[in-house]
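Asker: The sequence and its predicted three-dimensional model are supplied below.
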Amino acid sequence: MEYRTLGQTRLRVSVIAFGCGPLSGWMAELGPDDQCAVVKRAIDLGINWFDTAAGYGDGKSEASLGGALARLGHPAGIHIATKVRYLTEHLTDIRGHTRASVEASLKRLGVDRMTLLQLHNSITGKRGDEPTSITPQDVLGPRGVLESFRELQAEGIAQYIGLTGIGQPAALCEAAASGAFAAMQVPYNLLNGSAGHDMPSDFAETNYGNIIGACAAQGMGVFAIRVFAGGALLGKPPSPYTFKTLFFPLALYERDAQRTAALSCLLPPGRTMHAAAIRFVLDDPRLTSAIVGFRTPAEIEQAVAALPVPSLPTGGPLIVQTATEALAPHVSRIALESFLGAVAPHYRPEGLVEFGRYASPEAIAERMRAGHIFYLARREESILGIAEIRPLAHLAMLFILPGQQRQGVGKALLRRAIRDLQHTADQVVLTVASSPNAIDAYERYGFVAEGEMQEVKGIRFLPMRLVVETNAAPLVPARSWW
């Protein structure tokens with residue numbers, strides 16, 4: 001098990017957290033013996049964070065978790081996070097409802113304090129803009145949620161306080177910018193990465209407005225929820241909760257299931273959707289932990305087995321070489337793994353299918369035979385990134401493995417490609433069709449936009465180009481990385 005520090009706290013949290021909600025797994029439906037077994041297995045495998053809420057089954061989730069922990073003797077080092085939700089009638093006495101809800105939660109959990117107390121409501125510009133949503137003023141203002149939470153902190157009942165990152169991005173950012181909260185949990189998965197990335201204005205699903213970036217700016221810890229999109233990413237049928245919830249309803253599940261079908265064609269050989277979903281979350285260093293629902297010990301073992309492998313080598317020389325046709329499967333694997341982790345959430349279903357065809361080993365080998373040049377960057381025997389240059393100096397692919405960005409891999413690949421192109425021209429003009437999430441990176445490399453954002457076959461891109469005067473020293477003035 002890997003552990004990460006929760007924001008600016010000193011807490012070390014397992015990167016897999018045990019979610020006790022009713023979506024992708026529902027421990028509360030089990031008998032006491034099975035509940036105890038699944039919680040014990042989680043602890044045995046290093047999970048130290050359990051997330052629940054008073055609203056999960058009207059307290060049934062908290063009671064189940066509390067009963068299991070009691071039977072296990074309340075193991076040391078275990079952190080419990082729970083939540084308070086406010087209905088309209090509670091907003092006239094936020095303090096009173098907060099205390100009543102927390103006292104009931106503590107009783108069900110069988111403890112006298114919790115590690116993290118979280119607001120369970122959405123936050124929007126006006127009350128009721130979304131189901132049960134409240135405003136930043138309700139949270140931050142006099143006699144508001146923050147004041148009530150801080151009172152419980154002062155009494156030692158809640159060690160830290162946090163938010164749930166659903167609602168309107170501007171309102172969420174206002175609450176986060178207060179600096180008062182240690183953590184936020186946000187919906188973040190392969191099908192909707194908008195909580196961690198800027199999306200186009202016509203993004204079809206709920207846009208969470210890169211709230212993870214806002215949290216990172218405040219030094220907040222971030223938990224990912226809906227890691228498996230309510231089970232849609234795993235091909236599971238919708239849970240009974242999905243048929244009645246106002247927050248993540250059946251229509252969303254059905255759209256996610258359709259996108260999952262398109263996404264499945266991109267899985268590299270040997271990679272399951274389960275593993276890809278977990279790695280997508282944990283490959284983002286801004287994330288503290290992925291909250292996953294469990295029903296059986298086997299599901300916990302599967303999640304732990306999906307954790308990213310230890311870091312690739314960082315010592316030794318970075319070597320860039322051209323790739324032969326025999327290496328086409330390796331080029332495909334790097335492209336698909338990197339695409340899943342960074343680019344796929346920006347694509348429409350038809351674009352996912354199109355990229356899957358383009359990045360297949362067979363298609364790559366065919367382009368090699370047609371004169372496209374492929375480069376591999378590696379340290380020791382580990383391939384860290386790939387680039388493809390097609391005729392007329394167009395950068396068709398540039399992918400760096402998650403966890404290897406900003407370590408000089410992309411620069412090394414581009415430097416080698418440009419130096420090879422110098423042999424044929426006094427001026428190298430390298431073009432690229434940048435995916436939306438990569439525009440900032442290409443601008444750092446010196447590329448400039450040419451025209452507007454375009455879309456072809458479900459793939460959105462911005463035409464960009466880099467001009468290199470080969471007789472200049474350095475090749476591009478003010479681009480010292482060359």
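Answerer: Nice, I can see it.

Asker: Surely Ser194 is within a helix?
Answerer: No: according to DSSP: H, G, I helix; E, B strand; the rest coil, Ser194 belongs to no helix; its state is coil.

Asker: what residues are up against it?
Answerer: 203, 205-210, 345 (Cβ atoms under 8 Å, 6 or more residues apart in numbering). From N, CA and C alone the C-beta is placed, and that goes for glycine too.

Asker: Could you turn the buried ones of those residues into a PyMOL selection?
Answerer: Buried members of the contacts of Ser194, defined by 16 or more other Cβ atoms under 10 Å, are picked up in PyMOL with:
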select buried, resi 203+206+207+208+209+210+345
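
Asker: Out of the contacts of Ser194, which comes closest to Leu266?
Answerer: Pro345 (11.9 Å; Cβ to Cβ).

Asker: Would you check how far apart the closest one and Arg113 are?
Answerer: Distance of Pro345 to Arg113, given as Cβ to Cβ, to the nearest Å: 38 Å.

Asker: ditto for Met220
Answerer: 21 Å.

Asker: again, but for Val429
Answerer: 63 Å.

Asker: quick one on the thing from earlier: between Met220 and Arg113, who's got more neighbours?
Answerer: Met220 (26 against 14; other Cβ atoms under 10 Å).

Asker: Apart from its neighbours in sequence, what residue is nearest that one?
Answerer: Gly7 (4.7 Å; Cβ to Cβ, 6 or more residues apart in numbering).

Asker: what does Thr324 give?
Answerer: Met368 (7.6 Å).

Asker: before we move on, what about Ile334?
Answerer: Ile386 (4.8 Å).

Asker: cool, and Leu116?
Answerer: Per Cβ to Cβ, 6+ apart, closest to Leu116 is Ala81, 3.8 Å.

Asker: So what's the residue count around Cys265?
Answerer: Using other Cβ under 10 Å, Cys265 has 15 other residues around it.

Asker: The nearest residue to it once chain neighbours are set aside: how many residues sit nearby?
Answerer: Using Cβ to Cβ, 6+ apart and skipping residues adjacent in sequence, the residue nearest Cys265 is Gly356, 3.9 Å away. As a burial measure, Gly356 scores 18 neighbours (other Cβ under 10 Å).

Asker: now the one 4 residues further on
Answerer: Residues lying near Ser360 (other Cβ under 10 Å) number 18.

Asker: what about Leu421, distance to Leu466?
Answerer: 11 Å.

Asker: Common neighbours of those two, please.
Answerer: 428, 430.

Asker: re the thing from before, the residue nearest to Met220 touches Thr288, doesn't it?
Answerer: Yes: at 7.2 Å, Gly7 counts as touching Thr288 under the criterion of Cβ atoms under 8 Å.

Asker: Comparing these two, which shows the higher neighbour count?
Answerer: Thr288 (29 against 22).

Asker: so which strand or helix has Ala42?
Answerer: helix 32-44 (DSSP states H and E).

Asker: Pull the contacting residues for Ile258.
Answerer: No Ile there; residue 258 is Gln. Counted by Cβ under 8 Å, 6+ apart, Gln258 has contacts Pro349.

Asker: where's it, which helix or strand?
Answerer: Secondary structure (DSSP H and E) places Gln258 in helix 250-263.

Asker: how far out from the middle of the chain is the helix or strand following that helix?
Answerer: Using DSSP H and E, the helix or strand that follows helix 250-263 towards the C-terminus is helix 273-282. Distance of helix 273-282 from its chain centroid, counting by Cα atoms, centre = their mean, to the nearest Å, is 9 Å.

Asker: One more: stretch 122-130?
Answerer: 24 Å.

Asker: for stretch 287-296, same thing?
Answerer: 12 Å.

Asker: how long is that stretch end to end?
Answerer: One end of stretch 287-296 to the other measures 25 Å (Cα to Cα, to the nearest Å).

Asker: go on, stretch 302-321?
Answerer: Per Cα to Cα, the first residue of stretch 302-321 is 36 Å away from its last.

Asker: Point out where this protein drops to low pLDDT.
Answerer: Within the chain, the ranges that satisfy pLDDT under 70 run 23-25, 240-246, 309-315, 423-426, 470-482.
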